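[1] Got a predicted model here, sequence first, then my questions.
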Amino acid sequence: MTPQNSPRVVKLPKQRLRNLAAILLKLHPLHSSPLRPPTDCSSPIKVVCISDTHNAQPVLPPGDILIHAGDLTENGSFDEIQAQLTWLSSQPHRHKVYVAGNHDVLLDEGFLEKYPERKYGQTQTMHHLNWGNVHYLRDSSVTFDFPSAKPNGENISGFKSRNLTIYGSPWTPQYGISAFQHPREQDNWTNRIPADSDIVVTHGPPRLHLDTRDFHHAGCPFLAQEIARVRPRIIVFGHIHASYGREDIVLNSVRWAYEEILTDWAGWEAMCRMGFGILLARIRAIFTTKEKMIKAEKITAFVNAAVVGGIENQLQNQPITVEL
């Protein structure tokens with residue numbers, strides 16, 4: 001019998017496997033590789049990322065595309081959303097994209113049918129909003145063109161014109177009672193994002209990427225799986241204020257095997273896949289440069305752009321700019 005005063009030993013399931021997978025991942029030659037703009041473009045495209053403003057209107061740096069990843073407002077009333085849309089529309093960025101968050105309840109008409117008190121007595125609906133020049137994405141995409149030309153219209157020799165396709169969706173796993181949410185166990189993502197998406201904007205994070213809340217991962221594993229399939233250049237999100245930041249990840253088969261292990265979707269078989277993939281990568285590294293290996297891979301910038309934090313949602317984080 002164990003004495004009552006003896007320390008209790010808690011064994012975490014699969015913890016040893018996860019620890020070994022984390023050590024193994026660091027052996028990949030491209031474990032940490034920054035996203036860089038292509039060299040055949042006249043100038044990088046600057047993508048300014050913000051999220052979770054909650055009625056605040058932060059000073060924004062210049063850029064070509066302004067992305068807001070949801071929770072534009074605190075209560076989601078018509079007046080709040082209209083005021084914030086007017087502010088967004090007034091910004092000098094050439095293109096502006098917005099995806100709703102769980103606080104932006106006016107935009108989820110199904111939610112308001114169930115909870116009419118969240119209309120706050122206002123009769124205006126989302127159809128009365130003046131969107132200005134803001135592109136609102138709800139499970140939809142938009143493509144922007146960036147011609148390679150000088151201000152006078154003269155083409156720049158040797159450089160390519162570019163276009164970027166942005167997909168946006170507001171859905172997050174259930175947490176409390178708010179808009180655009182689905183049951184946590186529901187797969188809301190498989191094959192939802194178009195494969196040609198250069199930038200993905202969601203309100204909530206993919207699991208294991210800048211998603212830590214109260215010492216656990218609050219992100220959606222099905223979204224993480226979909227991002228691993230599509231491998232966009234950038235995914236922008238917010239929702240989890242405490243995990244603000246950016247990380248650049250090579251989304252290859254080794255990385256996905258690692259994430260399957262941490263999500264408890266796979267075991268030692270995935271560890272074997274990691275080991276085989278890392279062995280091949282290290283052999284390739286002998287015969288080529290790291291720069292060529294990076295060019296052959298796809299690097300994705302994960303951006304948690306929540307600009308507020310703390311109990312009162314005060315402004316405390318800077319917008320994040322990513323160059324493509």
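    That came through fine.
[2] Skipping its backbone neighbours, what lies nearest Asn188 in space?
    Excluding the flanking residues, the one nearest Asn188 by C-beta to C-beta, 6 or more residues apart in numbering is His182, at 4.8 Å. All C-beta spots, glycine's among them, are computed from the backbone N, C-alpha and C.
[3] got a list of what that neighbour touches?
    Trp171, Thr172, Pro173, Gln174, Asn188 (C-beta atoms under 8 Å, 6 or more residues apart in numbering).
[4] I'd guessed Gly132 sits against Gln91; true?
    No: between Gly132 and Gln91 there is no contact under C-beta atoms under 8 Å: 9.9 Å.
[5] The two: who's more crowded?
    The neighbour comparison of Gly132 against Gln91 (other C-beta atoms under 10 Å) goes to Gln91, with 18 against 13.
[6] give the contact list for the nearest residue to Thr202 once chain neighbours are set aside.
    Closest residue in space to Thr202, ignoring its immediate chain neighbours: Phe237 at 4.9 Å, by C-beta to C-beta, 6+ apart. By C-beta under 8 Å, 6+ apart, the contact list for Phe237 reads 51, 69-70, 201-206, 210, 302-305.
[7] circling back: how about the backbone phi and psi for the residue nearest to Asn188?
    phi -130, psi 160 (degrees, to the nearest 10).
[8] measure it to Ala306 for me?
    Noted for His182: a distance of 21 Å to Ala306, by C-beta to C-beta, to the nearest Å.
[9] again with Arg162
    Arg162 is 28 Å from Ala306, by C-beta to C-beta.
[10] Which one's more surrounded, the two?
    Each of Arg162 and Ala306 has its neighbours counted (other C-beta under 10 Å); Ala306 has more, 30 against 17.
[11] which residues touch that one?
    Ala306 neighbours (C-beta under 8 Å, 6+ apart): Ser51, Asp52, Gly238, His239, Ile240, His241, Ser243, Tyr244, Asn317.
[12] Please verify my assumption that the second one contacts Gly101.
    Same thing as Asp52. Yes: counting by C-beta under 8 Å, Asp52 touches Gly101, with 6.9 Å between them.
[13] Neighbour count for those two, which is higher?
    Relative neighbour count places Gly101 above the other of Asp52 and Gly101, with 31 against 27, counting by other C-beta under 10 Å.
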